[in-house]
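Trainee: With the sequence up front, the predicted model follows.
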Amino acid sequence: MTTHKLDNIRNFSIVAHIDHGKSTLADRLIQTTGTMAKRDMVEQVLDSMDIERERGITIKAQTVRLDYVAQDGKSYVLNLMDTPGHVDFAYEVSRSLAACEGSLLVVDASQGVEAQTLANVYHALDAGHEIVPVLNKIDLPAAEPDRIKQQIEDVIGLDASEAVEISAKTGLNIEGVLEAIVKRLPPPKGDDTAPLKALLVDSWYDAYLGVVVLVRVIDGALKKGSRIRMMGTNATYEVDRIGVFKPKMFDVPTLGPGEIGFITAQIKEVADTRVGDTITDERKPTAEALPGFKPAQPVVFCGLFPVDAAEFDELRAAMGRLRLNDASFSFEMESSAALGFGFRCGFLGLLHLEIIQERLEREFNLDLIATAPSVVYKIAMRDGSEIDLHNPADMPDIMGIEEIREPWIRATILTPDDYLGGILKLCQERRGQQIDLNYVGKRAMVTYDLPLNEVVFDFYDRLKSISKGYASFDYAITDYRAGDLVKMSILVNAEPVDALSMLVHRDRAEMRGRAMVEKLRELIPQHMFQIPVQAAIGGKIIARETIRALRKDVTAKCYGGDVTRKRKLLEKQKAGKKKMRQFGKVEIPQEAFIAALKMDS
Ligand SMILES: Nc1nc2c(ncn2[C@@H]2O[C@H](COP(=O)(O)OP(=O)(O)OP(=O)(O)O)[C@@H](O)[C@H]2O)c(=O)[nH]1
């Protein structure tokens with residue numbers, strides 16, 4: 001097989017708001033082009049991890065090669081790069097887009113443009129993409145294709161008069177999408193006689209193959225046996241396997257300009273590959289490297305501790321395994337007075353945190369306690385130095401602090417008019433500064449600057465509940481700003497629980513402290529003695545609740561009862577205990593740590 005002519009290649013991504021049908025459409029494209037036998041077709045093949053499938057979200061960028069004979073009689077190779085839909089993974093979106101020339105913009109014809117539609121379309125425009133609008137779900141009675149076309153023109157400024165109207169679910173007009181890809185998206189450019197220049201799009205660890213590298217060739221050709229050099233790390237390797245995804249791995253002898261595929265080359269660790277790096281020929285290198293990407297920075301940190309201290313080594317090993325395939329997840333050892341030994345972990349956002357925690361618990365069978373998530377603060381010290389604070393427990397003595405800076409985001413929210421009032425109030429409460437307010441038909445589009453700290457815990461949940469699920473939200477971190485931030489400690493039975501301490505804005509401290517102790521009063525079970533629960537700044541108590549003492553003996557009601565019932569109760573108590581943590585004389589259930597931070601009102 002020779003490399004394909006550039007004119008017959010199309011590289012594209014699908015950008016969409018969550019749930020508008022990106023994965024369903026991808027599956028249809030795979031099915032329609034016969035890339036996969038029907039019997040292999042599991043629903044949503046592109047979302048390969050179980051958790052992704054269960055939660056219906058796409059995490060890791062994947063790619064698939066489709067062979068398509070178009071109405072013009074020619075054969076085309078269509079490379080679809082999947083992109084994650086959630087804001088936490090925006091970084092991965094831009095790097096996948098960098099490997100393509102065009103995008104399909106999928107919009108649900110019954111819902112219209114949402115916040116992530118906008119964010120993703122801007123990423124695609126930044127990448128210089130040609131964009132074909134696709135209106136999905138036109139089988140729904142509520143679909144209003146004409147209105148949504150107008151909306152795409154008004155809000156995004158894209159010509160939508162020739163938007164492709166489809167139903168990914170019923171399979172209606174999938175051919176129309178394939179023809180639009182061929183006719184309306186540009187072919188890649190490249191020079192097959194120039195020295196090898198390829199983009200390292202992604203890499204991951206495969207238990208059988210070792211490190212697999214996803215590449216997009218720009219110039220020249222990659223062949224089996226080629227000696228390659230990674231221009232960023234200067235490491236050299238010999239390519240021992242080369243292929244494409246259909247979507248299963250399929251070996252090819254060579255990849256030419258414009259093509260997307262994978263290589264393996266005896267690379268030991270994913271850490272040896274740098275996403276965005278330029279791959280070239282060792283002997284005949286290209287003169288200039290590609291611009292590359294900035295590495296993804298973790299923005300949310302929390303502590304993860306094993307419930308059973310004996311599981312510490314297992315936890316370390318499990319985290320190491322997960323990190324093999326997820327360079328944006330970081331961890332380092334930490335010890336807490338209350339929780340013992342564990343790890344301080346960094347994530348791209350809250351969803352990323354939840355996914356990692358869930359995978360550790362589910363795939364590695366570990367019981368974990370997560371501490372309050374925290375953003376990264378920059379602390380300017382009086383002596384001129386600057387500290388990145390990942391953990392409120394490590395806050396230096398305030399006497400030495402000049403100022404504390406916190407990350408701010410710019411958020412875009414789209415909402416039906418009816419919920420606007422509630423949403424403005426929420427943003428205002430969270431120290432937001434309104435930047436813009438526009439109307440898109442009957443829906444309001446608000447832009448706010450907000451401190452990330454106020455968004456991490458439950459902003460998204462609150463937004464969804466205020467708007468009955470109709471508002472959509474997207475954000476990007478913009479800058480660090482100085483703020484009047486203080487460390488709030490939580491004391492249970494007069495003992496500080498370091499895992500619950502947090503940095504808060506002084507104006508919000510009392511409210512947060514009050515909500516927190518009230519929540520803890522509900523979450524901590526009664527003991528044989530009275531337990532005060534307090535929030536404090538420095539030595540000053542700002543909120544207090546008391547858990548009253550328990551009088552009854554729990555097992556008392558079993559005396560005289562039958563033995564099995566009694567044993568069952570004891571087992572139940574034991575299981576309950578596993579999820580508890582001892583703080584001085586008090587046991588705090590694991591749920592308390594996260595639940596205490598979610599405020600209902
Ligand atoms: N009625 C109708 N439902 C559809 C259509 N396309 C997708 N759906 C449904 O819409 C829901 C979301 O579809 P997905 O393909 O999972 O959406 P997605 O955009 O990939 O979502 P993420 O993977 O979370 O980004 C699913 O329940 C689909 O069955 C369609 O054309 N018509």
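Mentor: That came in fine, so what should we check first? Numbering: from 1, shown residues only.

Trainee: Please count neighbours and contacts with C-alpha atoms only from this point.
Mentor: Fine.

Trainee: low-confidence ranges in the stretch 401-550 of the chain?
Mentor: For the stretch 401-550 of the chain, no stretch has pLDDT under 70.

Trainee: now the helices for it?
Mentor: 420-429, 453-456, 459-466, 506-523 (DSSP state H, counting those that start in this stretch).

Trainee: Helices along this protein, start to end?
Mentor: Chain-ordered helices for the chain, with DSSP state H as the definition, fall at 22-32, 50-55, 90-97, 115-126, 145-151, 174-184, 312-324, 350-363, 420-429, 453-456, 459-466, 506-523, 563-578, 591-595.

Trainee: mind checking which of these is nearest the ligand?
Mentor: helix 22-32 (3.5 Å; Cα to the nearest ligand atom).

Trainee: Quick one: check that closest one for contact with the ligand.
Mentor: Yes: residues of helix 22-32 are located near the ligand by Cα under 6 Å from any ligand atom, namely 22-24.

Trainee: buried ones in that helix?
Mentor: 22-32 (16 or more other Cα atoms under 10 Å).

Trainee: From the chain's centroid, how far away is it?
Mentor: Centroid displacement of helix 22-32 relative to its chain, using Cα atoms, centre = their mean, to the nearest Å, is 23 Å.

Trainee: And the contacts of stretch 483-494?
Mentor: Residues outside stretch 483-494 that contact it (Cα atoms under 8 Å, 6 or more residues apart in numbering): 392, 395, 403-406, 496-498, 500-506, 509, 513, 517, 531-538, 583-584, 586.

Trainee: Buried among the residues you listed? Make that a ChimeraX selection.
Mentor: Of these, the buried ones go into a single ChimeraX selection, burial set by 16+ other Cα under 10 Å:
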select :392,395,403,404,405,406,496,497,498,500,501,502,503,504,505,506,509,513,517,531,532,533,534,535,536,537,583,586
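
Trainee: Spell out the residue ranges of the strands in the stretch 101-250 of the chain.
Mentor: 102-108, 130-136, 164-165, 197-206, 210-219, 222-223, 227-230, 236-238, 241-245, 249-251 (DSSP state E, counting those that start in this stretch).

Trainee: Between those strands, which one is closest to residue 445.
Mentor: strand 102-108 (17.0 Å; Cα to Cα).

Trainee: is that closest one up against the ligand anywhere?
Mentor: No: no part of strand 102-108 sits near the ligand under the criterion Cα under 6 Å from any ligand atom; the closest distance found is 8.0 Å.

Trainee: which ones are touching the residue nearest to residue 547 when sequence neighbours are not counted?
Mentor: In this structure, residue 547 finds its nearest non-sequential neighbour in residue 531, 5.0 Å apart by Cα to Cα, 6 or more residues apart in numbering. Residue 531 sits next to 492-493, 546-549 when contact means Cα under 8 Å, 6+ apart.

Trainee: can you check residue 414 too?
Mentor: Residue 414 neighbours (Cα under 8 Å, 6+ apart): 114-115, 443-446, 471-473.

Trainee: Spatially, which two of those are the most separated?
Mentor: 443 and 473 (13.3 Å).

Trainee: More neighbours: those two, which one.
Mentor: Taking neighbours as other Cα atoms under 10 Å, residue 443 and residue 473 compare with residue 473 leading, 21 against 16.

Trainee: which ones are touching that one?
Mentor: 114-116, 411-414, 460.

Trainee: any chance of these in JSON lines, plus distance to the ligand?
Mentor: JSON lines is the format used below for the contacts of residue 473 (distance: Cα to the nearest ligand atom, whole Å):
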{"residue": "114", "distance to the ligand": "12"}
{"residue": "115", "distance to the ligand": "13"}
{"residue": "116", "distance to the ligand": "10"}
{"residue": "411", "distance to the ligand": "19"}
{"residue": "412", "distance to the ligand": "18"}
{"residue": "413", "distance to the ligand": "18"}
{"residue": "414", "distance to the ligand": "17"}
{"residue": "460", "distance to the ligand": "16"}
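
Trainee: Now restrict those to buried residues only.
Mentor: 114-116, 411-414.

Trainee: related to what we said a few turns ago, could you redo the residues of helix 22-32 next to the ligand as JSON lines and give each row pLDDT?
Mentor: Listed next are the residues of helix 22-32 next to the ligand as JSON lines, based on pLDDT from 0 to 100:
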{"residue": "22", "pLDDT": "90"}
{"residue": "23", "pLDDT": "87"}
{"residue": "24", "pLDDT": "92"}
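
Trainee: Would you mind checking which of these is nearest to residue 213?
Mentor: Distances from residue 213 to the residues of helix 22-32 next to the ligand, taken by Cα to Cα, are shortest for residue 23, at 22.9 Å.

Trainee: hang on, the earlier thing: let's see which of the contacts of residue 531 end up in strands.
Mentor: Judged by DSSP state E, the contacts of residue 531 include 492, 546-547 as members of strands.

Trainee: Looking at these, which is nearest residue 211?
Mentor: Out of the ones in strands among the contacts of residue 531, the member with the shortest distance to residue 211 (by Cα to Cα) is residue 492, at 47.7 Å.

Trainee: quick one: the closest one and the ligand, what's the gap?
Mentor: 40 Å (Cα to the nearest ligand atom, to the nearest Å).

Trainee: How about the contacts made by residue 286?
Mentor: Counting by Cα under 8 Å, 6+ apart, residue 286 has contacts 194-197, 280.

Trainee: any idea which of those residues is closest to the ligand?
Mentor: Using Cα to the nearest ligand atom, the contacts of residue 286 come closest to the ligand at residue 197, 31.6 Å.

Trainee: wait, the closest one sits on residue 220?
Mentor: Yes: because the distance of 6.4 Å satisfies Cα atoms under 8 Å, residue 197 is recorded as touching residue 220.

Trainee: Mind checking which of the two has more residues around it?
Mentor: With neighbours defined as other Cα under 10 Å, residue 197 and residue 220 compare such that residue 197 has more, 28 against 22.

Trainee: Tell me what the more buried one is bridged to.
Mentor: residue 219, residue 280 (DSSP bridges).

Trainee: for the one 5 residues further on, same thing?
Mentor: For residue 202, the beta-bridge partners are residue 214 (DSSP bridges).

Trainee: hang on, isn't it packed against residue 213?
Mentor: Yes: if you go by Cα under 8 Å, residue 202 and residue 213 touch, sitting 6.0 Å apart.

Trainee: winner for burial among the strands of the stretch 101-250 of the chain?
Mentor: strand 102-108 (a mean of 27; mean count of other Cα atoms under 10 Å).

Trainee: Mind naming the longest strand for this protein?
Mentor: strand 401-416.

Trainee: interface residues of the stretch 151-300 of the chain facing the ligand?
Mentor: Residues of the stretch 151-300 of the chain lying near the ligand (Cα under 6 Å from any ligand atom): 167-169.

Trainee: could these be laid out in TSV, adding distance to residue 521, neighbour count and pLDDT?
Mentor: TSV is the format used below for those (distance: Cα to Cα, whole Å; neighbours: other Cα atoms under 10 Å; pLDDT from 0 to 100):
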residue	distance to residue 521	neighbour count	pLDDT
167	51	23	97
168	49	24	96
169	48	15	96
